[in-house]
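Student: got a predicted model here, sequence first, then my questions.
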Amino acid sequence: MTNRQAGKENIARNNSGFTAIELAVVFAIIGILIVVAFISYSNTAQRAVTASLKSDLDNASKAIKQYRTDNESYPKAIDCGAKPAADTICVEASTGNTFTYSFTSTSFKLTVTNTNGSSETTTGKVGVASATEENDSSADNDSTADTDSDAEADSTGVLTALSTASLTTGDYPTGVVVSADGKSVYVVNYESSNISMYSRNTTTGMLTALATPTIATGSKPHSIIISADGKSVYVGNTESQTISMYNRNTTTGMLTALATPTISAVRDPWSMAISANGKSVYVADGTLSAIFMYSRNTATGMLTALAPPTITVGSTPWDIAISADGKSVYTNNPMSIRMYSRNTTTGILTALESPNLETEDNLGYLAVSADGKSVYAANYWSSTISIYNRNTTTGALTASGASNVQTDSNPMDIAISADDTSVYTANQYSNSVSMYSRNATTGELTALSIPTIAAGGEPQGIAISADGKSVYVVNGSTDTISMYSRS
């Protein structure tokens, strides 16, 4: 065969193309190369994330320790916002990373989490070297070092800030409520005289402002309540001396003022409560030292004053609370709690035969446990919680005999989880939330091993979702709502 003939034969063979087997081999090799490249890229990317987590954790941990050395206390929060609260530090996290920080007088816990789920945690105590925990959710092998054993012991009620820890509200928020269906959260803003409206992700607890994010109230609103059926929201306006009334769209969460949007008569509607059956609304008036009593039309949401419309209370009632069984109403006044029985048909209140329970402080807020056995009073000036036993037949309160429980500085509000296992206070001047477990038999409270978690500036109100998964705190001086998941 001549060279020219061989060349023609080769050209002919080439023109015939690759066989199916040859193509399969080529594609298989390409596929293997792609998989190897992807694995290599993924490993490289994860190593970069891990390095950024470790770097952020180290930088923040050093800043926390240095702050403690300089100030003899741990910082209240890591805050790099436009209006950082007092006693905080600013440590910028790498892109995609967020800090979660909690502390006590003698210890701290710090976690940095990436958007891919990987995290690094360190804990520290006064005089003890820090321990670091790595939690790489994308890797096959988790590497875990020793952590604070006390913190590990808390299995219920521990709060953790969401990856987006807070959202902006209106000007100086003072109250917050969560709808019973868990789909909506509402915040009343004292200085901007409006309500901020949010939808809630019932899986994550994350809030999102509605398309129309606010609705106007009267002037200087302070208190907000929502009916258990989720159809009505009410706001007490201290300067305009009115109650604003709204219908709630149970699908969208949007509020709409009633055709008659307000009722007058009150002077200083500082605090409000609504019965579980939705038929009665009560307003504690701090100026007139009275409770205003209203019946609620459960179809329209309209309020109508009862006859008589008021009942006298002690001087300057600070808060009002109603038991879940609807039989008892309580107000707290400086140095006393006043106790009332409630007619569950008419809603009329009657003072108990011995209506006053003397207290040591009790200028603060009240909460009644869902089982009706306990009432808790957050004492603003002494920074404590007082515990009272409730007679479920008469509604009378007696001191439990347990010592007052210490909170952080100046608790402004108190809340109990629906399962009655956890109690929380929002502490105004320590910019924190205190966390407690509750004994279902005795009603006594025990601070969690890490007893506080940082909030925004000057927390004013706190609310817990009915499913128990989320806790929300509104912060007056930073105009934010802090968001937490609850274990």
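Tutor: Received, thanks.
Student: residue 383 contacts residue 407, doesn't it?
Tutor: Yes: contact criterion Cβ atoms under 8 Å: residue 383 and residue 407 qualify, at 5.1 Å. In short, each C-beta sits where N, CA and C put it, glycine included.
Student: so what sits against both of those two?
Tutor: residue 427 (Cβ atoms under 8 Å, 6 or more residues apart in numbering).
Student: for stretch 324-332, measure first residue to last.
Tutor: With Cα to Cα, to the nearest Å as the measure, the first residue of stretch 324-332 is 18 Å from its last.
Student: how about residue 24, secondary structure?
Tutor: Here residue 24 is recorded as helix under DSSP: H, G, I helix; E, B strand; the rest coil.
Student: ugh, typo on my part, it should be residue 372
Tutor: Here residue 372 is coil, with the state taken from three-state DSSP.
Student: show the contacting residues for it.
Tutor: Applying Cβ under 8 Å, 6+ apart, the residues contacting residue 372 are 323-325, 390, 392.
Student: what's the closest of those residues to residue 480?
Tutor: Sorting the contacts of residue 372 by how near they are to residue 480, with Cβ to Cβ, puts residue 324 at the top with 30.5 Å.
Student: report how many residues lie close to residue 30.
Tutor: Counted with other Cβ atoms under 10 Å, the neighbours of residue 30 add up to 10.
Student: after the helix or strand it falls within, next one along is what?
Tutor: When elements are defined using DSSP states H and E, residue 30 is found to belong to helix 20-71. On the C-terminal side of helix 20-71, the nearest following helix or strand under DSSP H and E is strand 77-78.
Student: now do whichever helix or strand comes after that following strand: which elements does it pack against?
Tutor: Using DSSP H and E, the helix or strand that follows strand 77-78 in sequence is strand 88-89. Other elements packing on strand 88-89 under the criterion 3 or more Cβ pairs under 8 Å, 6 or more residues apart in numbering; DSSP states H and E are helix 20-71, strand 77-78.
Student: neighbour count for residue 383 and residue 407, which is higher?
Tutor: Neighbour tally, residue 383 and residue 407, criterion other Cβ under 10 Å: the higher count belongs to residue 407, 28 against 22.
Student: show the contacting residues for that one.
Tutor: Shown in contact with residue 407 (Cβ under 8 Å, 6+ apart): 378, 383-385, 425, 427, 434.
Student: again, only using 10 Å
Tutor: For residue 407, the set of contacting residues under the criterion of Cβ atoms under 10 Å, 6 or more residues apart in numbering consists of 364, 378-380, 382-385, 414, 424-427, 430, 432-434, 436, 447, 451-452.
Student: from those, which land in strands?
Tutor: With strands identified by DSSP state E, the entries of these that belong to them are 378-379, 384-385, 414, 424-427, 432-434, 436, 447, 451-452.
Student: helices of the chain, start to end?
Tutor: Counting by DSSP state H, the chain has helices at residues 3-15, 20-71, 149-153.
Student: hmm, back to that, just the buried ones among the contacts of residue 407, please.
Tutor: 364, 378-380, 382-385, 414, 424-427, 430, 432-434, 436, 447, 451-452 (16 or more other Cβ atoms under 10 Å).
Student: show me what residue 447 is bridged to.
Tutor: Using DSSP bridges, the beta-bridge partners of residue 447 come out as residue 436.
Student: when you give positions from now on, start the count at 50
Tutor: Fine by me, first position is 50 from now on; the one you just mentioned is residue 496.
Student: distance of it relative to residue 435?
Tutor: The gap separating residue 496 from residue 435 is 15 Å, by Cβ to Cβ, to the nearest Å.
Student: show me the shaky parts of the stretch 400-536 of the chain.
Tutor: Applying pLDDT under 70 to the stretch 400-536 of the chain flags the ranges 409-412.
Student: so, low pLDDT: which residues of this protein?
Tutor: Scanning the chain with the threshold set as pLDDT under 70 gives 50-67, 84-94, 131-132, 154-155, 174-204, 409-412.
Student: sorry, back to before: closest to residue 350 out of the ones in strands among the contacts of residue 456?
Tutor: If you rank the ones in strands among the contacts of residue 456 by distance to residue 350 using Cβ to Cβ, residue 463 comes first, at 27.3 Å.
Student: name the nearest residue to that closest one, ignoring sequence neighbours.
Tutor: Take residue 463 and drop its neighbours on the chain: the residue closest to it by Cβ to Cβ, 6 or more residues apart in numbering is residue 427, 4.2 Å away.
Student: surely that neighbour meets residue 461?
Tutor: Yes: checked against Cβ atoms under 10 Å, the pair residue 427 and residue 461 is within contact range at 7.5 Å.
Student: who touches both of these two?
Tutor: Between them, residue 427 and residue 461 share the neighbouring residues 413-414, 474-476, 511, with contact defined by Cβ under 10 Å, 6+ apart.
Student: quick one: the residue nearest to residue 463 from residue 211, how far?
Tutor: To residue 211, residue 427 is 25 Å away according to Cβ to Cβ.
Student: ok, residue 510 next?
Tutor: From residue 510 over to residue 211 the distance is 18 Å, taken as Cβ to Cβ.
Student: neighbour count winner among these two?
Tutor: Each of residue 510 and residue 211 has its neighbours counted (other Cβ under 10 Å); residue 510 has more, 25 against 19.
Student: next, the contact list for the closest residue to residue 377 other than its chain neighbours, please.
Tutor: Using Cβ to Cβ, 6+ apart and skipping residues adjacent in sequence, the residue nearest residue 377 is residue 444, 3.4 Å away. With contacts defined as Cβ under 10 Å, 6+ apart, residue 444 is in contact with 372, 374, 376-379, 388-391, 401, 421, 424.
Student: how far away is residue 149 from residue 210?
Tutor: Residue 149 sits 5 Å away from residue 210, taking Cβ to Cβ as the criterion.
Student: common neighbours of those two, please.
Tutor: Residues touching both residue 149 and residue 210 (Cβ under 10 Å, 6+ apart) are 127, 160, 162, 502-503, 533.
Student: name the nearest of these relative to residue 246.
Tutor: residue 533 (19.9 Å).
Student: show me what the closest one is bridged to.
Tutor: According to DSSP bridges, the residues that bridge with residue 533 are residue 210, residue 520.
Student: what number of residues lie near it?
Tutor: With other Cβ under 10 Å as criterion, residue 533 counts 24.
Student: and if you look at residue 252?
Tutor: Each residue near residue 252 was counted by other Cβ under 10 Å, and the total is 7.
Student: go on, the one 5 residues further on?
Tutor: Using other Cβ under 10 Å, residue 257 has 12 other residues around it.
Student: that one is in contact with residue 248, isn't it?
Tutor: Yes: with contacts counted by Cβ under 10 Å, residue 257 reaches residue 248, the gap being 5.1 Å.
Student: list residues touching both of these two?
Tutor: Jointly contacting residue 257 and residue 248 under the rule Cβ under 10 Å, 6+ apart are residue 234.
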